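Chemist: Have a look; sequence and predicted model below, questions after that.
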Amino acid sequence: MARFRLFVEKEIQEGRAMPLEILLLLHTALQQPEIDEETITHVCQVDVRSALALLDEMDRERGYLQRMFTGKEAAWALRREMYDRIYDERLLKRQRRWYRDKLKERVLHILNQRAEEGDDGISNAEICQMTRLKAHRARTFLYEMMAEYSQIEHVDRGRLSIFRWRE
């Protein structure tokens, strides 16, 4: 907690106001790998519109958070630089492991859902859009999942290749 206090003091000295909502969200983000709208509305006791405004401020204006997922399951997490400024490396590693596991779970769910519906699998571009990973990182992630799950197959169609679930 001493490093958190020092961080807050430094932010104030540099002229950045630290309202209670921002402090609550930073503290929550340090304790949880990701935070979502529901968490924010509960922690800060605000409506969804105010929660989204807080998230936008902490992401774009202050640079404290980064958006991890998009769509219905949108979530935010502390940026790596924030762990360096506030906390230690162990917490960052734990957060990364958690995020990877969450990402695997989400991709597997989508692959299974699309297989049940008879749709094509998921493209690298969709993974990039959903996770904000760079193209080569998303492709590497999918190949790692293929090694772990033999049911995932790669259908090579050049730029339009997909990964799908096979029974």
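Modeler: That came in fine, so what should we check first?
Chemist: buried sites along the longest helix seen in the chain?
Modeler: Determined from DSSP state H, the single longest helix within the chain is helix 89-117. By 16 or more other C-beta atoms under 10 Å, the buried positions in helix 89-117 come out as 95, 99, 102-103, 107-108, 110-111, 114-115. For every residue, glycine as well, the C-beta is placed using N, CA and C.
Chemist: Would you convert these into a markdown table that also reports pLDDT?
Modeler: Formatted as a markdown table, the buried residues of helix 89-117 follow (pLDDT from 0 to 100):
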| residue | pLDDT |
| --- | --- |
| Q95 | 71 |
| Y99 | 77 |
| K102 | 80 |
| L103 | 83 |
| V107 | 86 |
| L108 | 87 |
| I110 | 85 |
| L111 | 88 |
| R114 | 86 |
| A115 | 89 |
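Chemist: okay, the residues you listed in CSV with distance to S150 next?
Modeler: Listed next are the buried residues of helix 89-117 as CSV, based on distance: C-beta to C-beta, whole Å:
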residue, distance to S150
Q95, 29
Y99, 24
K102, 22
L103, 19
V107, 15
L108, 13
I110, 18
L111, 13
R114, 18
A115, 14
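Chemist: and which of the residues you listed is nearest to Y64?
Modeler: Q95 (14.0 Å; C-beta to C-beta).
Chemist: In this model W76 seems to touch that closest one, though I could be wrong.
Modeler: No: if you go by C-beta atoms under 8 Å, Q95 and W76 don't touch, sitting 11.9 Å apart.
Chemist: what is in contact with these two at once?
Modeler: Counting by C-beta atoms under 8 Å, 6 or more residues apart in numbering, Q95 and W76 have no contacts in common.
Chemist: and the helix or strand where L142 lies with helix 89-117, angle?
Modeler: L142 is located in helix 135-148, with elements delineated by DSSP states H and E. Interaxial angle of helix 135-148 relative to helix 89-117 (axes from the mean of the first three to the mean of the last three C-alpha atoms, to 10 degrees): 70 degrees.
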